[in-house]
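Trainee: Predicted model follows, preceded by the sequence.
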Amino acid sequence: MQAFRTPIDLPDYPFTLAYSDSFLSMGSCFAEQMAARLKQVKFRVVDNPFGILYHPQNIAHSLHQLRCNHRYKETDLFEHRGIWSHFDFHGSYSSPSREESLKKMNGSLEQASSTLAEASLLIITLGTAYAWWHKKEQRIVANCHKLPGQEFERRLIPVAEMARHLLEAINALREINPEIRCLFTVSPIRHIRDGLVKNQLSKSSLRLLAHHLCTQLSGAYYFPSYELMIDDLRDYRFYARDMIHPSAEALDYIWAHFQDAFFQEDTRALMREVDKMNRSLSHRPQYPDSTAHRRFQQQLLAQMEAIEQKHSFISFLSEKEKLLS
């Protein structure tokens, strides 16, 4: 029978992942989507403590800040149109209150810094090789925060320069966590704002960057999420309506390959058990005050406690508090 797809054979990775592992995921919004799936089945994940980061040098800078346990001061923030922001952070950390912005930023970094020292795997999703250069600050920024366009210059950063920054950051990180593995992937989300030709140039640069990092770093690997989207699925029906982001079906497909690559059957069986619990928790009862529903809630509580007792790395604390409220 004639084949109408070009399936991708994943490499045989020399390690597997389990619930005893903890993860730090950084990079584009695709990184957040994959981290959300890990969190949903109760893996210990800290994702994007600076918010979404698209450019490799912003990721490298953020790793340095986490490694040295950096904390930001009020004088580090700037105000534009009544909103306080910082060039290291995504706009989701901005606020009309400078104190509130600072609290969100430093609170996120405090959690991530503690995770960094014990994380088993650092997942870095590279979004674009094009960076926003702030002329006055003389630096690449993570977010423009709706400042006037004339304050910035759009630059394609050479692979060698991006590699130098990430290698320095990861080697420095391994001074406090020598055993951490790195998993690189290129985001399948298209940056068509730069045009399709420039987007392809950018993605090609990132793929070269990932390859270079894997050859220069021990314990560094590549997961082909970009190739799964572009070369395997290769159809607009696997994009969302914006024709930029992968559809839910495409994300399911990439996630399934991730599971095949890194999880053994005992881990996947526990993932299915937790996922079944999640579906039960999302149930919307017709009669929430009924005896039958209260009995259902007690059964869920007993099941969650049984899983927690058997698997010490899993916690349903927030779910149990919601059920008991």
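Mentor: All right, it came through fine. Numbering: from 1, shown residues only.
Trainee: residues in contact with F43?
Mentor: Residues near F43 by C-beta atoms under 8 Å, 6 or more residues apart in numbering: 19, 21-23. All C-beta atoms are positioned from the backbone trio N, CA, C, and that covers glycine.
Trainee: Let's see that with 7 Å instead.
Mentor: 19, 23 (C-beta atoms under 7 Å, 6 or more residues apart in numbering).
Trainee: Phi, psi for R139 please.
Mentor: Per-residue torsions, R139: phi -160, psi 160 (degrees, to the nearest 10).
Trainee: So which residues of this structure form strands?
Mentor: Secondary structure of the chain by DSSP state E: the strands cover 22-27, 44-47, 78-80, 83-85, 121-126, 130-134, 139-141, 152-156, 181-186, 220-222.
Trainee: Just say which of those is most tucked in.
Mentor: Of the strands of the chain, the one with the most neighbours on average (mean count of other C-beta atoms under 10 Å) is strand 121-126, at a mean of 26.
Trainee: what's the average pLDDT for that strand?
Mentor: For strand 121-126, mean pLDDT rounds to 96.
Trainee: which helices and strands sit right next to that strand?
Mentor: If contacts are counted by 3 or more C-beta pairs under 7 Å, 6 or more residues apart in numbering; DSSP states H and E, strand 121-126 sits against strand 22-27, helix 29-40, strand 181-186, helix 196-216.
Trainee: now the angle from the last one to strand 130-134?
Mentor: Read it as helix 196-216. Calculated by axes from the mean of the first three to the mean of the last three C-alpha atoms, to 10 degrees, helix 196-216 forms an angle of 100 degrees with strand 130-134.
Trainee: buried ones in helix 196-216?
Mentor: 198-199, 202-203, 205-207, 209-210, 212-214 (16 or more other C-beta atoms under 10 Å).
Trainee: quick one: low-confidence ranges for the chain?
Mentor: By pLDDT under 70, the low-scoring segments of the chain are 1-4.
Trainee: Could you check how far V186 is from S225?
Mentor: As defined by C-beta to C-beta, to the nearest Å, V186 lies at a distance of 7 Å from S225.
Trainee: before we move on, what about R295?
Mentor: 43 Å.
Trainee: Looking at these two, which one has more neighbours?
Mentor: S225 (25 against 10; other C-beta atoms under 10 Å).
Trainee: Show me the beta-bridge partners of the residue nearest to the more buried one when sequence neighbours are not counted.
Mentor: Of all residues not flanking S225 in the chain, T185 sits nearest, at 4.6 Å (C-beta to C-beta, 6 or more residues apart in numbering). Beta-bridge partners recorded for T185 (DSSP bridges): T125.
Trainee: mind listing what T185 touches?
Mentor: 125, 222-223, 225-226.
Trainee: Which pair of the residues you listed spans the longest distance?
Mentor: Using C-beta to C-beta, the pair of these lying farthest apart is T125 and Y222, separated by 11.4 Å.
Trainee: follow-up on the earlier one: between the strands of the chain, which one is nearest to L173?
Mentor: The nearest among those, by C-beta to C-beta, is strand 121-126 at 7.5 Å.
Trainee: orientation of that closest one relative to strand 22-27 in degrees?
Mentor: Compare the direction of strand 121-126 with that of strand 22-27 by the same axes, to 10 degrees and you get 10 degrees.
Trainee: quick one, phi psi at I52?
Mentor: phi -60, psi 130.
Trainee: i'd like the first residue to be 73 from this point on
Mentor: From this message on, residue numbering opens at 73, which makes the last subject I124.
Trainee: okay, now it: neighbour count?
Mentor: 22.
Trainee: I figured it hits C101, correct?
Mentor: Yes - the criterion here is C-beta atoms under 7 Å, and I124 meets it with C101 at 5.2 Å.
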